[in-house]
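Peer 1: Coordinates for the following, if possible.
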Amino acid sequence: MTWWVLARGFLRDYARNSTNLVVLVLVPVVFVLVAADSLADAARLLGGDGTALEQATAGWAAGFLAAVAMYFQVSAARDADRRLLLCGARPRTLVVARLLTGAFLAVVATAVSLAVLALREPLDHPGRLIIGTTMFALVYLGIGAAVGGIARDPVNGTVVVLFVWILDVFFGPTLSSSDSPVTRLLPTHFISLWVADTPSGHAAWLGDVGISVAWVAVSLGGSALLIARTSAVGRGNRRSRHAAGSRSDQYRRSLGLGMRELVRNPAMWALLAVVPAVFIVLSDVITPHGHTGIAVRENGRLVVRMFDPAEIHAGTMAPIAVASLAMLVGLFTILATGETDRRLCLAGLRPGVLLAVRLTTIGAAVLGAAAVSLAVTAAVFSPADWAVYALGNVLVAGTYALLGVLVGPLFGRVSGVFIAFLLPFLDVGISQSPMLSAQPDPWARWLPAYGGTRLVLDGALTPSFDELTPLLYAGIWLLALAVLTSLLWWRSNAGRTSSAASAFSGRARP
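Peer 2: Next up, the predicted model:
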């Protein structure tokens, strides 16, 4: 079996999911066309280079696509790779096939991202842009492989990928003016400066191009080693066991098992704690002083007041950090338990009890992440009304957790990850952000996070509660999503098991 046969099979498996191809176009469109202007405004506010940022968006999109694709190539396929080795495939052949598959996807992501950028504006230095964007994708190819080799759980893995990517983008040289020695360690720091034709001044004898090429070489070499390591034969899989009981007892016992699974995943809890903490603290550190107008409601009247971004930015970051994490938790929790839930229903566990257990478990993880975010926020920012501020964050987290439960069965793991990043980014990070506009556009009021973010701002910036209508909006979104997710879960689990049980009993009759 040659590497070409394997690589062609891996690519065919990737293309078999049509939503992967849709997302391959959707991500560049969102970053390069839709969000570029807003991100450029944010860069100017933070002291970065807005023009250079618009060109860097193609590299960001290509890198994100390559990282997620390679993560699932390594993590989700390790059992299949071990079976291939047991059937006689050579380890070197398997590594080459996986690397070529990832490299091909990285090149496709680069081509699509640059094509979208060309639709937006003429490419001033096409050679530099093509090479730079390809380096973005190849560096993140290695990051995806590294995370796939370490974090097999999809929640942990995708959160780590998002964490690295967001750190690199939002604290890199194009979006932020920070020149801290720590930011020079970011994966695409020197690539971003080289693409923008801005000498870093701290690349020593290697130069910006040399360090960029070194990042690519280390990334590809590390990918090869990690693929070989994760596909090695010799380790078994652990399977979880579940039990069923009576109606009142079922919920207690099943919830105990579900919470025990959460406790057994310390990496997820660490990520839920660390990711919001890093973004909130770094936002407080890097945001320069200035003046920005924000619309707030006081005594029933909507007024625009001036605030210093350096004093409020950390307070507005908590819902952005929590929303993506909550959606990923909801998405992967419902995907990981789908087959188990159907078997539990067949074994006698009441579907309503099992659904309540799943939602309670997701709620516990979301509340934990929100609590950590609020605790970190308290160290760098003091809201005017803590109760309203905390309620807004919890509403945003709960809304996006339910959206994750809804998106998971409809789009699957890979496409679901992209959606779990894009929706909060466009909604909380762009449309509702007070750092980009004084108040949301009229159409943004129909988005899921509108109610929760207005409560966050009301609690953060005003001493009295005046946002009753946004509270009702948030409640309606939560109720509607709870009904939709319940119906979808019931159809996917209880409905199928009822049909299977009826068919089995029909065949059993003499």
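
Peer 1: Pull the contacting residues for the residue nearest to the spatial centre of the chain.
Peer 2: Centroid check for the chain by Cα atoms, centre = their mean gives residue 421 as the closest residue, at 4.0 Å. Residue 421 makes contacts with 64, 162, 324, as judged by Cβ atoms under 8 Å, 6 or more residues apart in numbering. C-beta: built from backbone N, CA, C; applies to glycine.

Peer 1: Not counting its own residues, what contacts stretch 440-447?
Peer 2: Residues contacting stretch 440-447 (Cβ under 8 Å, 6+ apart): 427, 431-432, 450, 473.

Peer 1: From these, pick the one nearest residue 285.
Peer 2: Residue 285 lies nearest to residue 432 out of the contacts of stretch 440-447, by Cβ to Cβ, at 23.0 Å.

Peer 1: Provide a list of residue ranges in the stretch 401-510 of the chain with pLDDT below threshold.
Peer 2: 494-510 (pLDDT under 70).

Peer 1: repeat that with 80
Peer 2: For the stretch 401-510 of the chain, the stretches flagged by pLDDT under 80 are 412-418, 436, 489, 492-510.

Peer 1: mind listing the helices for it?
Peer 2: For the stretch 401-510 of the chain, the helices defined by DSSP state H, counting those that start in this stretch occupy 450-461, 468-489, 496-508.

Peer 1: Please identify the most buried of those helices.
Peer 2: helix 450-461 (a mean of 26; mean count of other Cβ atoms under 10 Å).

Peer 1: tell me the contacts of residue 393?
Peer 2: Residues in contact with residue 393 (Cβ under 8 Å, 6+ apart) are 318-319, 322, 370, 373-374, 452, 456.

Peer 1: Tell me which of those fall in helices.
Peer 2: Filtering the contacts of residue 393 for membership in helices, criterion DSSP state H, returns 318-319, 322, 370, 373-374, 452, 456.

Peer 1: nearest spatial neighbour of residue 336, skipping sequence neighbours?
Peer 2: Once flanking residues are discounted, residue 336 sits nearest to residue 154: 7.5 Å by Cβ to Cβ, 6 or more residues apart in numbering.

Peer 1: follow-up on the earlier one: roughly how far does the residue nearest to the centre of the chain sit from residue 378?
Peer 2: From residue 421 across to residue 378, the span is 27 Å (Cβ to Cβ, to the nearest Å).

Peer 1: do residue 477 as well
Peer 2: To residue 378, residue 477 is 27 Å away according to Cβ to Cβ.

Peer 1: same deal with residue 209?
Peer 2: Counting by Cβ to Cβ, the gap from residue 209 to residue 378 is 44 Å.

Peer 1: Just give me the closest of the contacts of residue 421 to residue 98.
Peer 2: Of those, the one sitting nearest to residue 98 (Cβ to Cβ) turns out to be residue 64, at 19.4 Å.

Peer 1: Phi first, then psi, for that closest one.
Peer 2: Backbone geometry at residue 64, expressed as degrees, to the nearest 10, gives phi -60, psi -50.

Peer 1: where do the helices sit along the stretch 101-250 of the chain?
Peer 2: Secondary structure of the stretch 101-250 of the chain by DSSP H, counting those that start in this stretch: the helices cover 126-150, 154-170, 189-195, 207-230, 247-263.

Peer 1: closest one to residue 360 among these?
Peer 2: helix 247-263 (5.9 Å).

Peer 1: count of residues packed around residue 36?
Peer 2: By other Cβ atoms under 10 Å, 23 other residues sit near residue 36.

Peer 1: So residue 209 and residue 378 - more neighbours on which side?
Peer 2: Higher neighbour count among residue 209 and residue 378: residue 209, with 15 against 12, using other Cβ under 10 Å.

Peer 1: Okay, the more buried one and residue 80: tell me how far apart.
Peer 2: According to Cβ to Cβ, residue 209 and residue 80 sit 38 Å apart.

Peer 1: Residue 421 now?
Peer 2: 26 Å.

Peer 1: residues in contact with the residue lying closest to residue 27 once chain neighbours are set aside?
Peer 2: Nearest residue to residue 27 in three dimensions, chain neighbours excluded: residue 61, at 5.1 Å (Cβ to Cβ, 6+ apart). Residues in contact with residue 61, defined by Cβ under 8 Å, 6+ apart, are 27-28, 30-32, 109, 113, 116.

Peer 1: Secondary structure element holding residue 61?
Peer 2: helix 50-75 (DSSP states H and E).

Peer 1: pLDDT weak spots in the stretch 101-250 of the chain?
Peer 2: Within the stretch 101-250 of the chain, the stretches with pLDDT under 80 are 120-125, 149-159, 162, 170-185, 196-207, 222-250.
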